[in-house]
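Asks: no letters, just coordinates:
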Ligand code: ADP
């Protein structure tokens with residue numbers, strides 16, 4: 001049997017078990033009731049037979065002498081609340097009846113079942129509703145043969161009304177219980193079908209779809225019932241799976257893009273270097289001026305390659321640290337790291353007659369890597385010097401809540417807003433040619449973003465009021481104490 005079929009069957013095991021138990025107990029109860037009824041019949045029969053024998057011995061001599069009045073009186077004497085005696089002739093006419101003073105008025109009793117049985121010589125207990133009194137009675141009749149005379153039927157009847165009612169009630173309770181049990185089992189089966197079996201089946205079908213790679217297969221979630229939670233969990237898990245797959249696909253795209261970008265970035269300077277080197281090799285008599293030009297070109301391109309490799313290594317190491325959650329950080333003074341980055345750019349700034357200023361309060365401290373923070377601020381400063389054409393660049397910092405906001409503000413050409421959403425992507429440049437000619441690798445801002453993320457912070461771009469660009473690093477401050 002397939003595991004699925006086996007599972008299906010198991011789901012119905014409980015209702016089947018309950019049905020089995022119900023049938024078992026119903027059978028047991030029925031058997032008990034029948035045994036009880038049988039017991040009562042037995043009791044009744046032996047007591048009636050005893051009384052009949054006694055009566056027979058008393059009545060026979062009286063009837064032989066036709067002393068009917070006395071026979072009637074005996075009938076009356078023997079009568080108790082629950083006992084009725086009737087003396088019937090062979091032709092069915094009633095001679096005496098303990099419940100009536102006018103037995104002649106009673107109808108002919110010849111066809112009464114018990115009378116018939118007595119006449120046939122096979123007396124038997126007969127329980128039925130009395131036609132004369134309307135209550136449940138158990139009758140027993142025997143032949144009374146008067147020696148040399150007539151044949152009479154002596155009938156004894158006891159009221160079994162209470163027992164009959166009791167049994168009737170017991171039977172009603174029994175059938176009621178059976179009906180209730182059957183209804184409960186039916187309801188349970190319906191519940192299992194509606195709330196468990198069908199939703200689980202549908203869920204199984206969806207999961208088969210997902211397992212076969214159709215991740216967009218919808219997961220049916222029932223409105224209620226315990227399957228709802230399972231379906232919701234499966235839905236969430238599938239959603240996570242979809243997201244992970246999407247992320248993996250994006251990563252794959254990203255990786256391909258990155259490799260093609262890197263190859264391109266490497267190929268251009270490398271080709272220049274090879275061409276220049278070959279030219280030098282093939283033409284040793286090159287005029288000094290051309291020789292210098294080619295050597296300079298080789299130098300510039302080699303530096304460009306070096307910067308590219310450095311930046312790629314920096315990015316990869318940052319990613320590594322982020323993935324491994326490695327944050328061996330120290331308390332760092334923002335002012336100190338900003339000062340350090342500023343000093344590194346001082347020479348370049350002087351060459352461009354650009355004024356650098358620092359407005360960072362000393363108290364701002366964050367937990368971080370001073371070298372990386374200085375690199376991030378340095379990248380922003382270098383970019384401002386390289387691209388903005390601003391006459392002054394300021395590094396400011398302030399505190400908002402438990403975050404430090406460090407800004408690199410220039411008043412230069414600015415970056416058009418349409419570039420903002422992609423400006424922190426690897427190899428994204430506003431102007432490729434300008435970036436390349438200025439020695440940019442297209443990785444500077446991507447490195448800044450990664451450094452910010454490693455410090456659990458972010459970086460954002462803004463417009464400087466009055467023109468220019470402001471890059472803002474938002475980093476969590478070191479908790480005091
Ligand atoms: P690159 O290596 O090209 O400098 P970045 O990622 O550092 O790469 O910068 C991406 C692009 O953003 C640069 O090519 C440049 O066009 C632009 N950019 C960055 N900073 C500024 C700035 N302060 N002013 C104007 N343009 C800028």
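Replies: Structure's in. What do you need? Please read all numbers here as calculations on a predicted model, not as lab measurements. Numbering: from 1, shown residues only.

Asks: contacts and neighbour counts: CA atoms only from here.
Replies: OK.

Asks: can you map out the helices along the chain?
Replies: Ranges of helices in the chain, per DSSP state H, are 3-11, 13-64, 68-78, 113-119, 161-191, 198-211, 226-282, 288-323, 334-351, 370-383, 432-437, 444-454.

Asks: who wins for proximity to the ligand among these?
Replies: Nearest to the ligand, of all those, is helix 444-454, at 3.3 Å by Cα to the nearest ligand atom.

Asks: tell me what that closest one is packed against?
Replies: helix 288-323, helix 370-383, strand 458-463, strand 469-476 (3 or more Cα pairs under 8 Å, 6 or more residues apart in numbering; DSSP states H and E).

Asks: switch to 10 Å and redo it
Replies: Here helix 444-454 touches helix 288-323, strand 365-368, helix 370-383, strand 458-463, strand 469-476, going by 3 or more Cα pairs under 10 Å, 6 or more residues apart in numbering; DSSP states H and E.

Asks: would you mind listing what in the chain touches the ligand?
Replies: Contact residues (Cα under 6 Å from any ligand atom) of the chain with the ligand: 383-384, 387-388, 414-415, 423, 428-431, 435, 440-446, 469.

Asks: contacts only, for the residue of the chain most remote from its centre.
Replies: Computed with Cα atoms, centre = their mean, the residue of the chain farthest from its C-alpha average is residue 65, at 95.0 Å. When contacts are counted by Cα atoms under 10 Å, 6 or more residues apart in numbering, residue 65 touches 146, 149.

Asks: quick revisit: CSV for the helices and strands packed on helix 444-454, including distance to residue 22 and mean pLDDT?
Replies: As requested, the helices and strands packed on helix 444-454 are arranged in CSV below (distance: least, Cα to Cα, whole Å; pLDDT from 0 to 100):
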stretch, distance to residue 22, mean pLDDT
helix 288-323, 62, 93
strand 365-368, 72, 94
helix 370-383, 77, 97
strand 458-463, 69, 97
strand 469-476, 69, 97
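
Asks: any idea which of these is most buried?
Replies: Highest mean neighbour count among the helices and strands packed on helix 444-454 (mean count of other Cα atoms under 10 Å): strand 469-476, with a mean of 23.

Asks: parallel or antiparallel, which strands does it pair with?
Replies: Strand 469-476 has the following sheet partners, assigned by DSSP bridges: strand 403-410 (antiparallel), strand 458-463 (antiparallel).

Asks: who wins for proximity to residue 310 among the ones you listed?
Replies: Nearest of the strands paired with strand 469-476 to residue 310, taken as Cα to Cα: strand 458-463 at 21.7 Å.

Asks: run the chain-centre distance for the closest one.
Replies: Mean-position distance between strand 458-463 and its chain equals 42 Å (Cα atoms, centre = their mean, to the nearest Å).

Asks: list the contacts for the closest residue to residue 388 other than its chain neighbours?
Replies: Spatially, and ignoring its direct neighbours in sequence, residue 388 is nearest to residue 412 (4.4 Å; Cα to Cα, 6 or more residues apart in numbering). For residue 412, the contacting residues are 384-385, 387-393, 464, 466-469, by Cα under 10 Å, 6+ apart.

Asks: in TSV, list those along with distance to residue 114.
Replies: Listed next are the contacts of residue 412 as TSV, based on distance: Cα to Cα, whole Å:
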residue	distance to residue 114
384	125
385	128
387	126
388	126
389	130
390	130
391	133
392	131
393	127
464	120
466	124
467	124
468	123
469	120
